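Quick one: sequence and predicted model below, then my questions.
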Amino acid sequence: MAFHSLYKCICQFFLGMQIVCGLDQVKLLNPPEEALPDHLLRVFYSCDGAATVQLDCVVSFETGSVSTVPIRRWSCVPGDPVIRTVKLNLPDWLVYQADGIVPESHRVLSCFLRASVRYSGSDDTKRSKGSQDVAFLLPKPFFSRPIKQHRLCTAWSKQMLQLTQQFLQKKCPSEQETIHLLSALYASTGESFGITKSLDPYRNELLEHFRVKAVPFPWCELSLWVFVSRYCEHRLCGVFHHIDSHNNYATPALLLTKSGRLHIQISGASEESSAFLSSFAVPLNKWCQLTLTLQGRTVTVSLAFMDNEERTVTSSEYLLSHSAMLDDTEGYFVIGGGKFIRGLEGYFGPVVYYRNRVPHSLSDAAAPEVIKNINLTGWLQSCQEFLFDITVKISGFTLKAKHQRKSGTCLAVFHDRMGSDPSNPRCELWEEAAAHRKLATKLAKLLVFKHGGTAVSPSAVGRALYSFSVQKMSQMGSSAAVRKVLPLLLQAGCLADNHALHMSSVLYSSGLGVHKNPIKAWLLALLAAQRDHRLALLHLGHVHQRGLHGLPKDPDLAYAYYANIAKQTTLDRHNPTPQQTFVEAVYLNDDEALNRQTNEDHHIFQWLKLQARRGAADAEQALARMLFWGQQGLSPNIQEAVKHYRRGAVQLEDPASMYDYAIVLLLGQGVEKDVPKGVTFLKKAMDQGFVPAVNALAWYYEQFEKDYQQAVALWEEADLLGSPDAPLNLGVLYSQGLYPGKPADQHVAYKYYLKSAERGHSRAAVFLADVWATGIPGYVERRPSDAVSWVKWTAEQNGYLGSVLRKALDSYLKSDTFISLVFYMMAAESGYSPAQFNVAYLCEQNAAGFLDPAYATRCMWRYYNLTIQSQKPDSYAFIKMGDLLYEGSDSREKDFSSAAHMYSLAALRKNPQGWYNLGLLAEDGYRLPLPVLIELGLSELHLADKNLLLSTLYKRCRDSDNADSYLPCSLALLKVFLRSFEKRYVAAVVKVSVAVAVVATPTLFVIVLGVLRRRTDDPES
């Protein structure tokens, strides 16, 4: 647009010059900004003699050709200037969409209007130009142009042209009427989480016209695949529903009842609605295709599933007493559970919405490939058989143990028999097991006898199998252990051990010790996620956020998983358990962080205890925090942490300790609940200016006293002081309409959520993401990708993730490297960046060769690459990626340019190794690319002397904040200086030699000549 403004100014300048220098003039007074039909154009013109004013449209195409289209022409007689209004009839192919009558054209690159005064010569075809004026027009994209309303009947030939494939392919491909709302599988836990989808209006004017026209008379179909594991515990649970802009149910709502029948709700105009039940029930543990068809007032619900290799189809048809209203661009659709209803327990397969049309009968449609490939039914059937076998054996062992106990048999006899020959004739037939199930049977027997004949659950056997597998991998300490324990892990997964399912999924997805199998990994992750395993939910969210392992990238699906674990994270923090540990981002190349790890016998912990006894409030706080959350290597011990809180609050009167002690008193965590005492300590902390205490006291007034005036006053004060909690609580009051004197306002609440989240509050991040997932009509648009980022940030603070990270770090500190790698990989496959770095680091170290070298290299490539794509990557990862690119490892060619880019990114993050490696690249004769030098602020050295560039790079390396880099960078700089000195010295020697030669040569010549003359003049010679 700046170019057009400049061009217009230039034209106006030359027009002014024409007015001064001559009488010929022409000007377009009101040209349109874009190619429009029937625009009334005003033209100002005058001429010095009899002439013609001509109006042309000059069009250039992407093919490079230029076409001049005459628009109008009229005569001009000498006299005063005239203003003429003409109708701008641009060619149809420039203004309208091609429809068979309006012809096609090449893609238009630019076009402009040109008005000129022309004089006739002797040959009328040759006209000399006088004054002229031009105006640029912005051509519209093809699918943004209007459709021309033709007044004449379409000729038969034109109708046939419109039916040809060549013409049909000109339709906008991005506006298909078949919309795949879900292309993958979704594991639904039966909670208030689901997949949110919204549709935009058609950009094509004709399609949008038909869509709006069909709102009161919908003609569409919804097809979705479901696998129901258990019927609803509540009255209804969500399958698929539509929420309008007023948060009301809209057409359609497809819900599941306790009995397995479908509840269908259709909304009409004037708040009319109809609801009815299907005549059939959805079967359990089978993939079923549900189809909802709307044809005006007729609603058809169909169910199809495979039963003993035969496809069973049943349907019900209903006639509404009112018209159905379906505006699919208003509000949003939800697959599964949402804000107002829980989802079903099971799995969702592909969901397809046929917009504005009903396809042919789907009774013969086969199951989608994604369902066939995952083979969920086959897995569950094999697990059911194994579960039955173990249950029978547990019952037999229970009876046998009770009988032996009654007969007085010592338990030690059993332990002796455990090491005996399996073919011992004392074993009964029902005790025999297949070879691959012998260990499970043996563990079941051991557990039953250990508990004195008390029946144990199959899940207890699963936990024992998982523990045995981890111990076995730790003992063997190499990837060879995976092949031996993987069958045991799968058996444990069959027996409902979710840790085993998740670990198996990670091994298959990473290919650690087993052939990589993304489909099997996905199946196992789905099974664990459906049982609400937190790390499996985190893993699937990461996979669909990034589109890994060949699975579709779907931010709405990723949000459904992340939102689940993020909500649980906020709840877990209020209910700490020994199974949770604070998430600490410890990098294995950070010696300081590793040295800070402690335990109750470690000197760091003992030193803190000593300082606390001497009255150091900071030490008391540190001890309490470490014990409460399980930080820096300590196991959580809430009761012991409360003692330190009490000592800091009562004896040391430390405001932070008083606040923490008050919170545990108010919530009854590790101590008997005592609200008045907690309030007393909060007031004392607030009197000392401790801002969190102001927020907590406001929470007390809101929760216990229901004094919203006092609560709001305190929260407003805390908000001004920068509290992250206060704006969240104010937002909740606005959202629920509890703010004194103010109506409910979701937009104001959203602003408070945003402020709180930006201050680092994890629960506020969940509320903010919830708003961005659905939007607020008229105020906030949907932002699914941003919503995913916030819930991912909260989810990665989950205490169960911290527990896995703690196990990995403890194993590493005990030199149990392989099991440390396995645990770090469980967190890495969930998208946690520090764990991805640590996996790559362990693969790089490959201590004692516990990994195959080829796998170790692939591991480094993958996980260092994932690390550098995170929000806060460690600079060491850039160095290692640069090394891998420079060396061309893992069957990849060397890529010096990318390596230089990696080193520059490390250098910009103040890593001196980046500067040093760039210097090594330059020393090897590789010219650093100009974009790299620009990033480093060294563009002026692109063509400079090599030694000058090297000295600059090594000086940056030497002058960094890292003291360890001073010596090697100084030596490299000295080497460059010596090389430069040597070069100059040699040059100087050569110059002196040349000078001496130049000066000495004439002298020697004279001497030699004199000698020769003397010999010539000597007569005796």
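Here it is on my side, so go on. As the structure is a prediction and not an experimental result, all values here were calculated from the model.

next SSE after the helix or strand bottoming out on mean pLDDT in the chain?
When each helix and strand of the chain is scored by mean pLDDT, DSSP states H and E, helix 411-418 comes last, with a mean of 44. Going down the chain from helix 411-418, the next helix or strand is helix 438-450, by DSSP states H and E.

Which residues belonging to that following helix are considered buried?
Applying a neighbour-count criterion of 16 or more other C-beta atoms under 10 Å, the buried positions in helix 438-450 are 439-449. C-beta here means a position set from N, CA and C on the backbone, and glycine is covered the same way.

Going by distance to residue 936, which of those residues wins?
Residue 936 has its nearest neighbour among these in residue 439, at 58.9 Å by C-beta to C-beta.

What are the boundaries of the helices in the stretch 801-950 of the chain?
Counting by DSSP state H, counting those that start in this stretch, the stretch 801-950 of the chain has helices at residues 817-828, 833-845, 853-868, 875-887, 896-908, 912-923, 930-935, 946-958.

Reformat those helices as JSON lines; add distance to residue 551, mean pLDDT and mean neighbour count.
Converted to JSON lines, those look like this (distance: least, C-beta to C-beta, whole Å; pLDDT from 0 to 100; neighbours: other C-beta atoms under 10 Å):
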{"stretch": "helix 817-828", "distance to residue 551": "17", "mean pLDDT": "95", "mean neighbour count": "26"}
{"stretch": "helix 833-845", "distance to residue 551": "18", "mean pLDDT": "94", "mean neighbour count": "25"}
{"stretch": "helix 853-868", "distance to residue 551": "16", "mean pLDDT": "92", "mean neighbour count": "20"}
{"stretch": "helix 875-887", "distance to residue 551": "25", "mean pLDDT": "91", "mean neighbour count": "22"}
{"stretch": "helix 896-908", "distance to residue 551": "27", "mean pLDDT": "92", "mean neighbour count": "22"}
{"stretch": "helix 912-923", "distance to residue 551": "35", "mean pLDDT": "91", "mean neighbour count": "23"}
{"stretch": "helix 930-935", "distance to residue 551": "34", "mean pLDDT": "90", "mean neighbour count": "16"}
{"stretch": "helix 946-958", "distance to residue 551": "43", "mean pLDDT": "89", "mean neighbour count": "21"}
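
can you redo the ones you listed as CSV with distance to residue 509?
Output for the helices of the stretch 801-950 of the chain, formatted as CSV (distance: least, C-beta to C-beta, whole Å):
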stretch, distance to residue 509
helix 817-828, 9
helix 833-845, 12
helix 853-868, 11
helix 875-887, 21
helix 896-908, 26
helix 912-923, 31
helix 930-935, 35
helix 946-958, 39
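
the helices in the stretch 201-350 of the chain, which residues?
Under the criterion DSSP H, counting those that start in this stretch, the stretch 201-350 of the chain contains helices at 205-213.

Can you check the pLDDT for residue 210?
Among the per-residue scores, residue 210 holds a pLDDT of 84.

and if you look at the one 10 residues further on?
Among the per-residue scores, residue 220 holds a pLDDT of 92.

before we move on, what about the one 5 residues further on?
Confidence per residue is given as pLDDT, and for residue 225 that number is 96.

contacting residues for the closest residue to it other than its chain neighbours?
Once flanking residues are discounted, residue 225 sits nearest to residue 349: 3.0 Å by C-beta to C-beta, 6 or more residues apart in numbering. By C-beta atoms under 8 Å, 6 or more residues apart in numbering, the residues touching residue 349 are 182, 185, 224-227, 287, 368, 370-371.
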